[in-house]
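Student: The following comprises the amino acid sequence and a computationally predicted model.
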Amino acid sequence: MLADVDRSRSSTEDVPDLGVKGLLIVSTNVDESDGNYSPGDLSLREALLLAAGAPGNDVIQFDNSLRDSTITLVPALRQLVIDSNVDIQGLGADQLTVDAGGSSVTRRVFHVATNVEATISGLTISGGNAQYSEQDDGSGGGILNEGTLTLIDSDVSNNHVGNRGAGILNAGTARLTLIRTAVSDNQAENEYGGAIYNEDLARVVATDVTIARNFESGGIVNHGELELERTSIDHNTSGGVRNYGTATLINVTISDNSSEGSGSGVYNRGVLTLIDSTISGNGGGRFGGGIGNFGDGSVTLENVTISANRAEDGAGIANFATLTASNTTISSNEAETQPGNEAEDWGGGIYNESGTATVRLVNTTISDNSAGMDGGGIYTVSGNPTLYNTLVAGNVRLPGGGHATGRRLWCVRRGQFLQPHRCGRRQHRVYQRHQRQPGRQCCLAAESDAGYVVRQRRSYQNPCAAN
Ligand SMILES: [Ca+2]
Ligand SMILES: [Ca+2]
C-alpha cells in the first residue's frame with residue numbers, strides 16, 4: 001500500500017533524518033514530544049510528527065527493547081493524530097500496547113485524519129475513552145478513522161465511548177480494512193453504539209476478524225457498506241450486527257450475542273446477504289433471536305444454519321419485511337416467554353408479520369424448533385410465505401410447525417389435526433362439540449401446501465367468531 005518507502009534502513013543509528021522519507025524507529029515507550037529525536041529518545045508521538053513533516057510515505061517501527069511494553073499516553077498530551085501516510089509496524093499485539101489511560105481519562109488513542117492512508121499492524125490499542133465535548137461527539141473510543149486505515153494482526157480492546165463506536169468509529173467516507181484483528185471487550189454508554197460503527201458513506205471490510213465480548217455496544221453497527229469474511233461475532237451484549245446499510249457476510253459465525261431488544265444476533269433494516277454462515281445461541285429479546293428483519297429490510301440467506309436462538313417471538317427469524325432463504329437450516333430455536341414480559345411466544349423457527357412481509361424458502365429445513373404458544377416451525381400473522389422443496393418437521397407445541405392461508409377452523413387432539421371446518425354458519429356448533437371433548441382444542445388456521453397451522457386461538461375462545 002505504501003510503496004514510496006525506503007525499507008533498507010533498519011537500525012536505530014539511521015534515524016531519523018528530518019525531511020527524508022523513510023523509516024522511523026520508535027525507541028522509547030515514554031509518551032513525550034521534547035524535540036530530541038535521537039536514538040533512545042524517539043517517541044511514537046514524535047515519530048508521527050516527523051512522518052507528517054517529511055515528504056512521502058513513512059514506515060514507523062519499534063526498537064526491540066520495547067518488546068512486551070506499553071506506551072501509555074500522558075494526561076497532558078492529547079490523542080495520537082495520524083495525519084500523513086504511514087505504515088506503523090508494531091512488535092505484535094501481545095508485545096506492544098498503546099494505552100490512552102483508561103476510562104478515567106477522556107481521550108481516544110488514534111485519530112486517522114481525512115485523506116490519509118495508514119496501516120497499523122502488530123499493535124494493541126486500548127484504554128481509549130471518547131466523550132461528548134464542544135469539539136467531539138464522543139465517538140470512536142479506540143480509533144476515529146476518517147481516512148483509509150488498514151489494521152492487521154492487531155487488537156482494539158478495552159476502549160470506552162459515550163456515543164458510537166466503542167472500539168472504532170469509521171466516519172464520513174472512511175475506508176477501514178481489518179485483517180486478523182480482534183475488536184473485543186470495548187464498552188459503549190450508548191446501548192447500540194457498536195464496537196465498530198460504520199457511517200452511511202463509509203466502508204468496512206473485515207477478514208479473519210473476531211468481534212467479541214463488547215459490552216452494551218453490540219458488535220457492529222453498519223449504515224454504509226460492510227463486508228465480513230471468516231469472521232466471528234460472539235458474546236456481545238446489545239446484539240451482534242445491526243445493519244441499516246448494505247452488508248455481505250460470508251463464512252461468518254454470529255453466536256451467543258444477547259439483546260433486550262429485537263434481533264439479538266442480527267438486526268436488519270438494510271440489505272443483508274448471509275452466505276455459508278452460522279447464527280446460533282443468540283437471544284434475550286422480543287422479536288428475532290437469530291435475525292430480526294424490519295422496515296424495508298431485505299435478508300437473503302444462502303447455506304446458513306440458524307440454530308438454538310431464543311426470543312419471545314421468532315426465535316430463529318422474525319420477519320416484517322423481505323426474507324429469502326435457500327439451502328438453509330433453521331433448527332432447535334425456541335420461542336419462549338421472557339420473565340416479566342408479556343406472555344407471547346410464537347414462531348419457533350420463523351415469525352412472519354406485516355402486510356408486506358415476503359418469505360420465500362427454497363431447499364430449506366425448519367426442524368426441531370419450539371414455540372410456547374404456537375407455530376413451532378412457522379407462525380404467520382400476515383403475509384404469504386412461499387415454500388419450495390422445503391421441509392417443516394419435528395417442530396413442537398400445539399399443532400406443530402407450518403402455516404398457511406384461508407380461514408378454517410381446525411381442531412386438534414394431542415398435536416394431531418382433526419377434520420378441518422370452514423368458518424361459517426356451522427362452525428360454532430363444530431367448535432362447541434370439539435371443545436367438550438377432553439384433549440381437544442380448536443384454532444383458526446390457515447392452509448398451504450405445507451399444511452400446517454398459523455393462527456392459534458385459545459380453546460376458550462371461538463376462533464372463527466373472533467375473526
Ligand atoms: Ca524525544
Ligand atoms: Ca511523510
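Tutor: Yep, that arrived. Ligands and ions are numbered 1, 2, ... in the order given.
Student: Please tell me I have it right and N333 contacts N309.
Tutor: Yes - when contacts are counted by Cβ atoms under 8 Å, N333 is listed as touching N309 (4.8 Å). Using the backbone N, CA and C atoms, a C-beta is placed for each residue, glycine as well.
Student: list residues touching both of those two?
Tutor: The contact sets of N333 and N309 overlap at G289, G290, A315, G316 (Cβ atoms under 8 Å, 6 or more residues apart in numbering).
Student: Which members of those are positioned in strands?
Tutor: Using DSSP state E, no member of those sits in strands.
Student: Out of those residues, which is nearest to ligand 1?
Tutor: G290 (52.9 Å; Cβ to the ion).
Student: separation between the closest one and G172?
Tutor: G290 sits 32 Å away from G172, going by Cβ to Cβ, to the nearest Å.
Student: more crowded one of these two?
Tutor: Counted by other Cβ atoms under 10 Å, G290 and G172 do not tie: G290 has more neighbours, with 35 against 14.
Student: I figured that one hits N268, correct?
Tutor: No - using Cβ under 8 Å, G290 is not in contact with N268, being 11.1 Å away.
Student: in the stretch 351-467 of the chain, what residue is nearest ligand 1?
Tutor: Counting by Cβ to the ion, the stretch 351-467 of the chain gets nearest to ligand 1 through Y351 (61.3 Å).
Student: what does the model give L391 for pLDDT?
Tutor: Note for L391: predicted pLDDT of 88.
Student: again with T300
Tutor: pLDDT, T300: 98.
Student: what about it, helix or strand, and which?
Tutor: Applying DSSP states H and E as the criterion places T300 in strand 298-307.
Student: what about the stretch 101-250 of the chain, any weak spots by pLDDT?
Tutor: Within the stretch 101-250 of the chain, no stretch has pLDDT under 70.
Student: Run me through the strand neighbours of the helix or strand hosting L151, direction for each.
Tutor: In this assignment (DSSP H and E), L151 forms part of strand 148-152. Partners of strand 148-152 in the sheet, by DSSP bridges, are strand 117-121 (parallel), strand 175-179 (parallel).
Student: In contact with V359, which residues?
Tutor: N319, L323, T324, I350, N352, I378, T380, G383, N384, P385, T386.
Student: Equivalent analysis for A325, please.
Tutor: Counted by Cβ under 8 Å, 6+ apart, A325 has contacts T300, L301, E302, V304, R360, L361, V362, T364.
Student: what is it paired to in the beta sheet?
Tutor: In this entry, A325 is beta-bridged to L301, L361, by DSSP bridges.
Student: Local confidence estimate at it?
Tutor: In this model, A325 carries a pLDDT of 97.
Student: likewise H403?
Tutor: 36.
Student: How about Q187: what's its closest non-neighbour residue?
Tutor: In this structure, Q187 finds its nearest non-sequential neighbour in F215, 4.3 Å apart by Cβ to Cβ, 6 or more residues apart in numbering.
Student: No further queries at this time; thank you.
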